[in-house]
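> have a look; sequence and predicted model below, questions after that.
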Amino acid sequence: MKRILYFCIPALLFTSSCVDSLDDYNINTKAATEVPGATLVTAAERSLTNIITSSSVNNNPFRFYAQYWAATTYPDESQYIIATRQVDRNFWDPLYRDVLRDLKEAKTIITANNLLDPKIKANQLASIEVLEVYAWSVLVNTFGDVPYSEALDITKVLPKYDDDAAIYADLVVRLDKAIGMFDATATGLGNADIIYSGNVPNWIAFANSLKLRMGMTLADVEPAKAKTMVEAAAPNVIKSNAQSADVTYLATTPNTNPVWLDLVQSGRADFVGANTIIDRMNTLNDPRRNDYFKPLANGTFKGGIYGASNDYSSNSAPGTMLESPTTPGMLLSYSEVEFLLAEAVERGFAVGGTAMSHYNAAITASILEWGGTEAEALAYIAQPSVNYLTASGNYKQKIGTQKWIALYNNPVEGWKEWRRLDAPNLVKPAQGISEIPLRLTYPTTEMNSNGENVKAASAAIGGNTVTSKIFWDKF
């Protein structure tokens with residue numbers, strides 16, 4: 001036996017020493033070499049919700065543009081200074097890199113999985129397509145012409161910029177295809193889906209609600225197409241707060257609501273409510289005031305001067321609900337759906353109900369979403385200044401003002417709908433270096449690396465300025 005061991009040991013030593021390079025010793029045998037497609041969807045959903053929800057001045061200035069918040073120490077964003085912190089780049093990059101790139105890879109992996117039940121695969125791919133359409137629509141709504149047909153293609157290192165209206169038209173086709181792929185009798189992404197936990201009927205409602213949103217976005221520039229889209233989507237949209245498309249965050253980092261990071265974890269006091277919205281809510285006796293903002297010691301609500309530096313202790317800070325790490329990040333709410341339907345009725349689209357009934361349902365849903373009661377909603381709506389029959393202005397002003405208030409915690413959509421409906425009447429601050437931005441400018445990194453295509457896109461949209469309009473912004 002000893003002779004056998006004597007001859008085996010050198011053989012083992014010789015075998016273990018035959019490596020091509022020292023790198024072979026640095027392989028982490030516990031690290032995944034293949035990423036499941038569903039895991040990439042989880043990451044993309046989180047990244048998408050984070051960038052939509054974030055209150056960071058570095059990447060999401062839209063609480064300032066919509067005049068929901070005012071600054072204490074650093075009012076740059078409320079004065080429309082974009083370049084200092086490269087806000088345009090910091091909004092652009094996560095959508096392309098962390099959302100669309102992950103979704104594209106997830107789609108490739110899931111498509112190649114021949115062991116997956118065909119119906120489940122179809123539901124997973126349809127869910128991914130809906131998320132992609134959502135992300136692309138946000139990019140178009142924010143920048144105008146963007147890289148699309150040649151984007152995320154490793155062979156196209158300098159992608160061309162596609163026309164914003166043409167991108168929207170293709171997104172509508174893609175969304176319709178996705179809606180047709182869903183099969184409510186089968187499961188979807190399961191627990192990897194942090195929006196609906198794989199609930200396919202809810203995904204169908206979300207997809208149709210996104211179609212409703214996009215259809216109404218086109219209403220001023222393509223009314224016939226908008227009518228067709230909206231009437232097709234309306235029967236199948238989100239029908240309760242429980243169906244709203246949102247992500248419920250966790251109590252521990254790094255999966256907390258990003259607003260909590262800015263309001264609590266940072267230990268800073270950078271934001272207060274803007275006088276623009278707080279004055280309006282005071283006038284309307286809005287029951288959401290104590291949810292949106294903190295009262296002062298005397299129980300009143302006071303907004304900081306929009307566009308200027310403000311004293312934190314003298315003004316109403318963002319409310320305690322926003323200070324919770326688990327507050328959901330909203331992508332598309334039931335309240336928003338009802339406001340869209342109210343507008344659709346006013347435009348003559350056959351969606352059922354009356355403008356007033358949908359308007360009332362939208363306001364009620366928002367109040368309940370923020371912890372209010374049916375009684376508070378009824379009392380609020382009964383006021384002549386809120387009642388749809390007696391409130392001042394045309395339908396765009398009535399719906400636009402109440403929708404602006406309701407979209408308080410979805411600032412990307414709040415800013416977009418203010419641009420589309422031109423309500424309420426927001427005025428730039430005296431310190432603003434421009435008019436209120438109607439778009440973000442192209443990132444400097446794009447101008448440096450893809451300059452010729454950026455120049456062409458800038459010329460096509462009327463100049464790379466914050467006041468150039470997106471194609472649907474007709475008025």
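Great, that's in hand. Numbering: from 1, shown residues only.
> got the buried residues for the longest helix along the chain?
Assignment by DSSP state H gives helix 118-143 as the longest helix of the chain. Neighbour-count burial for helix 118-143, counted by 16 or more other CB atoms under 10 Å, picks out 119-143. Every residue, glycine included, has its C-beta placed from N, CA and C.
> what of stretch 79-93?
Per 16+ other CB under 10 Å, stretch 79-93 contains these buried residues: 79-82, 85-93.
> tell me the one of the residues you listed nearest residue 47?
residue 93 (10.5 Å; CB to CB).
> chain center to the longest helix of the chain: distance?
Averaging C-alpha positions (CA atoms, centre = their mean, to the nearest Å) puts helix 118-143 13 Å from its chain's average.
> strands paired with the next helix or strand after it, and their directions?
Downstream of helix 118-143, the next assigned helix or strand under DSSP states H and E is strand 146-147. Strand pairing for strand 146-147, determined by DSSP bridges: strand 161-162 (antiparallel).
> may I see the buried residues of the following helix or strand past the strand it pairs with?
Remark: after strand 161-162, the chain's next helix or strand is helix 164-181, criterion DSSP H and E. Burial within helix 164-181, assessed by neighbour count using 16+ other CB under 10 Å, is assigned to 164-165, 167-168, 171-172, 175-176, 178-179, 181.
> ok, stretch 103-117 next?
Neighbour-count burial for stretch 103-117, counted by 16+ other CB under 10 Å, picks out 103-107, 109-110.
> can you tell me what sits against it?
34-38, 40-41, 44, 121, 124-125, 128-129, 131-132, 135, 152, 186 (CB atoms under 8 Å, 6 or more residues apart in numbering).
> go again with 7 Å.
The contact list for stretch 103-117 (CB atoms under 7 Å, 6 or more residues apart in numbering) reads 37, 40-41, 44, 121, 124-125, 128, 131-132, 152, 186.
> using JSON lines, lay out those residues together with pLDDT and distance to residue 307.
As requested, the contacts of stretch 103-117 are exported to JSON lines (pLDDT from 0 to 100; distance: CB to CB, whole Å):
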{"residue": "37", "pLDDT": "92", "distance to residue 307": "46"}
{"residue": "40", "pLDDT": "98", "distance to residue 307": "41"}
{"residue": "41", "pLDDT": "98", "distance to residue 307": "40"}
{"residue": "44", "pLDDT": "98", "distance to residue 307": "35"}
{"residue": "121", "pLDDT": "98", "distance to residue 307": "51"}
{"residue": "124", "pLDDT": "98", "distance to residue 307": "46"}
{"residue": "125", "pLDDT": "98", "distance to residue 307": "46"}
{"residue": "128", "pLDDT": "98", "distance to residue 307": "41"}
{"residue": "131", "pLDDT": "98", "distance to residue 307": "35"}
{"residue": "132", "pLDDT": "98", "distance to residue 307": "36"}
{"residue": "152", "pLDDT": "97", "distance to residue 307": "38"}
{"residue": "186", "pLDDT": "97", "distance to residue 307": "52"}
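> tell me the two of those that are most distant?
Using CB to CB, the two most remote members of the contacts of stretch 103-117 are 152 and 186, lying 28.5 Å apart.
> please report how far residue 297 lies from residue 359.
From residue 297 over to residue 359 the distance is 36 Å, taken as CB to CB, to the nearest Å.
> neighbour count: these two, which is higher?
Using other CB atoms under 10 Å, the more surrounded residue of residue 297 and residue 359 is residue 359, with 28 against 6.
> that one in helix, strand or coil?
Classification of residue 359 using DSSP: H, G, I helix; E, B strand; the rest coil returns helix.
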